[in-house]
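# Provided below are the primary sequence and the corresponding predicted coordinates.
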Amino acid sequence: MSGLQPNVVRLRWCRLLAAAATLISAMPAAQADPLAEPAVFASSNGLLDLLMIARPKPVSAIQFVPRNSGAAINPVAWIYEVCKRPPSGNQCPADSTTAADYGGVRLKLKAGDTLKIRLVNRLPALDKAKVKHATEPGMSNLPRNPTNLHTHGLIVPPRTPTMQDPTFGDYVFLELYNPANGTPEPTPTPTAHGHGEIKLDFVDYRIDIPADHPSGLFWFHPHIHGLSLNQVSAGMAGIITIGDVGDYIEAPPSTVRHLILRDMQVLAAGTLQYDSGPVTVTDGEVQNQQIADFCEQRDTGGPNARLGFCEGEPDEHGTGNSFIGSRWYFTVNGQVFPTIRVASSAGEIWRLTNASAQFTYLLNLADDHSGKSIAMQLLAVDGVSITVPPGTPANTVMKIAANRFTIVNCPTGANAGSVCVKDLTMMPSSRAEIWVSYRNANGEVVAPPAGATATLKQGVVNLGPAGEAWPSFKLARIEFGNPASDKNTLTVKATEMPTARAMVRPAAMAQAAAPATSRCPPLASGHRRRIFFGMVDPTDENSQFGLGYEEVDQNGAVVAGTQKNVAAFDSNNDAVCLPLGPGSSPVHETWELVNLATEVHNFHMHQTKFRVLEASGLAGTSAPPAATGAAVILEDNVPLPFASSSIPQVIEEQQNGYCTIAQWRDGTCVAPRIVLDIPFSQPGTFVFHCHILEHEDNGMMARISVVGP
Ligand SMILES: [Cu+2]
């Protein structure tokens, strides 16, 4: 850990370390509970019509015991209370048809369904001193805690209302305020941080799922620039499933689990020093301006330590931060260290969602007897099934999945083309679906020995010299009581990207502005867009993050006049604009992502899914379409490997760990390229950004418009 995070909230304890020796070892009984599924709201007759109320709620599954008192505290999360839309009013009935769980809900839909959500804001106002971005230009309304909703991974239009239709689609330039928190102040227009539409009390969304939308696993969360980290880390997220796993897995097992991973930093009472000055925090307070230097990185306490949480650390990094007496909880469906009992001979499918605001998971399933990793079969990435034909080399699979897992051999007798992994790297917003059955050290599915158990473990992940040193811990206990399966792998069916006009809805087309062709020309054939991930001014430790841009021609030369320096998010201007193709057909573009940082970022594009191309195959031309029979892994977020330089000391000590575009161009810094084939099918205005939400809130986001004919 370099302590070089210039944009992490700086906290300095102003209290004595005399109580540092206090160790908390009691474990709440709830930690042994079997894992429960998230509450399900399913569509019927093509419609799911919900009322969702964003509000605070104590988390009963977390019992935080303060150092100086025996009484356990249930920290207060921000959750979605969800019910079927009542005939009138904005309140859910106080009965079992309402879900209000920190763990999150699952919205169960089918392709072709309509999802209607009335979102109500009942979030508390915030202490301005505890909101990192509240003093930035145009951001004075953040302490009023506005919110909104984004359906991550769905290929749906980012619609705005019309005279005939007052609903919003998956549109993020919208702020919904709780009237109890005061009237939002008008902000100067134009401002770099303007957010667009303002709504009070409630707003209605209507998300039309196209009839040819892929089946799979998606999720929803708020998307307020400047508060994304706060709201997601406070608990605001849920998952969306389209169709069933049977749509892409042949003869799936009957047990399908949904694992929503999230984390919460719970503070001990004290005085903290924020950017704004000293603030007082109380026992059990949720630190929703989450920071990284909270626990010691390594889990060294043996098998019974760090069961779903880690203890806050003293100031060991010289940063002035001490978190003694505080705890960082890592939960599955809101449960601390639950038990998963695998009882069926068919094994289980686990569908994992990283709903953390900024935490990167590196998960493996460790056999408690041997200590070795139990292989898992990878079925789907970012919601949709993978396509890996027989004979695809493992390193090709690793490349097109951007090294998001470590491949091990599927055992003999496996279905050709199956992918087995021993770990899963899941950056924020990632999803992964796996088949779990007890396996021996050779990866063969066998009957588990009596009393076989395993632990779902977080490993030590390397996000680069300037990256966060996230702690390792244990997330869940697995008990294998299953008879042996008769198969070693499941058969995965390929996901087809929606190709046609079916993706483009008439309402959305009407919404799209007529293209100003001079302002929004199509990318020339053979050209690609190059996006830089960097810092606006690396020599300024208070600099914002940002994105830079240039267009590159078929010879690899930069197109004159297209270059833009690294700049922080500007909600009023498009960084990229492109028209749809003839007849509103989707347009494929090639994007090259260059990470100027010596830490990993995580690129996310709204309203589509993309595939990673092998950079070596980019021979100065636009990407060829995926060949018939080629391996394809579609993603909606992708890790960008960190840069290295010939002057590491300068970069780390004088440039906050960030290279400039000039240093990249002259070879001082080298950044592995990630090259993507991105199909754009949804007209409207949306964003692409780093999904480490602390980075997004601090400017690493840009606006894009896709215009119809
Ligand atoms: Cu980032």
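Noted; the coordinates are in hand. Numbering: from 1, shown residues only.
# drop to CA atoms for contacts and neighbour counts, all remaining ones
Fine.
# so His369 touches Thr455, yeah?
No: counting by Cα atoms under 8 Å, His369 sits too far from Thr455 to count as a contact (10.2 Å).
# the residue of the chain at minimum distance from the ion - nearest residue in space that isn't next to it in sequence?
Here the chain gets closest to the ion at one residue, His601, 3.7 Å apart by Cα to the ion. Distances taken as Cα to Cα, 6 or more residues apart in numbering put Leu640 closest to His601, at 5.3 Å, once the chain neighbours are dropped.
# need the contact list for the one you found.
Contacts here follow Cα atoms under 8 Å, 6 or more residues apart in numbering; on that basis Leu640 touches 593-595, 600-603, 672-674.
# and Ile651, what element?
helix 648-654 (DSSP states H and E).
# now that helix: buried residues?
By 16 or more other Cα atoms under 10 Å, the buried positions in helix 648-654 come out as 648, 651-652.
# same check on stretch 57-67?
So, applying 16+ other Cα under 10 Å, buried residues of stretch 57-67: 57, 59, 61-67.
# can you check stretch 128-148 too?
128-134, 138-148.
# next, the distance between the ends of that stretch.
20 Å (Cα to Cα, to the nearest Å).
# name the residues that touch that stretch?
Contacts for stretch 128-148 (Cα under 8 Å, 6+ apart): 9, 119, 121, 123-127, 172, 174-178, 181-182, 184-185, 187-188, 191-194, 222-224, 226-227, 274-277, 279, 289, 697-698.
# now do stretch 580-595
Under Cα under 8 Å, 6+ apart, the answer for stretch 580-595 is 499-501, 504, 523, 527-534, 579, 601, 622-623, 640-643, 671-683, 706-709.
# buried subset of those residues?
504, 523, 527-534, 579, 601, 622-623, 640-643, 671, 673-683, 706-709.
# picking up where we left off before, so for His369 and Thr455, which sits in the more crowded spot?
Thr455 (25 against 11; other Cα atoms under 10 Å).
# what bridges to that one?
Following DSSP bridges, Thr455 is listed with bridge partners Ala366, Arg477.
# so it sits against Arg477, correct?
Yes: here Thr455 lies in contact with Arg477, judged by Cα under 8 Å, at a distance of 4.8 Å.
# so what's the residue lying closest to Ala476 once chain neighbours are set aside up against?
Using Cα to Cα, 6+ apart and skipping the chain neighbours, the partner closest in space to Ala476 is Phe337 (4.5 Å). Taking Cα under 8 Å, 6+ apart, we find Phe337 in contact with 31-32, 307-308, 331, 474-477.
# low-confidence ranges in this protein?
1-31, 187-196, 318-320, 412-417, 497-518, 615-628, 709 (pLDDT under 70).
# how about the residues of it by the ion?
For the chain, the residues in contact with the ion (Cα under 5 Å from the ion) are 601, 690, 692, 695.
# which of those residues has the most neighbours?
For the residues of the chain next to the ion, neighbours were counted using other Cα under 10 Å, and Cys690 has the most, 29 neighbours in all.
# who's that one bridged to?
Partner residues in beta bridges with Cys690, using DSSP bridges, are Phe603.
# going forward, count from 577.
Right, with 577 as the first residue, what we last looked at is Cys1266.
# look up how far Val984 lies from it.
In terms of Cα to Cα, Cys1266 sits 29 Å off from Val984.
# can you check Arg1095 too?
Arg1095 is 49 Å from Val984, by Cα to Cα.
# ok so, going back, ok, then the element right after the helix holding Ile1227?
helix 1237-1241.
# and the next helix or strand past that following helix?
By DSSP H and E, the next helix or strand past helix 1237-1241 is strand 1245-1246.
# what sits up against the following helix or strand past that following strand?
The C-terminal neighbour of strand 1245-1246 among helices and strands, as given by DSSP H and E, is strand 1250-1256. For strand 1250-1256, contacts defined as Cα under 8 Å, 6+ apart pick out 1156, 1162-1170, 1183-1191, 1199, 1216, 1282.
# for the closest residue in space to Leu776 that isn't next to it in sequence, what are its contacts?
Of all residues not flanking Leu776 in the chain, Tyr753 sits nearest, at 4.8 Å (Cα to Cα, 6+ apart). Neighbour list for Tyr753: 697, 720-723, 760, 774-778 [criterion: Cα under 8 Å, 6+ apart].
# hmm, try it at 7 Å
Contacts for Tyr753 (Cα atoms under 7 Å, 6 or more residues apart in numbering) come out as 697, 721-723, 775-777.
# in strands only, show me the residues you listed.
697, 775-776 (DSSP state E).
# just the closest of the residues you listed to Asn979, please.
Asn979 lies nearest to Asn697 out of the ones in strands among the contacts of Tyr753, by Cα to Cα, at 38.9 Å.
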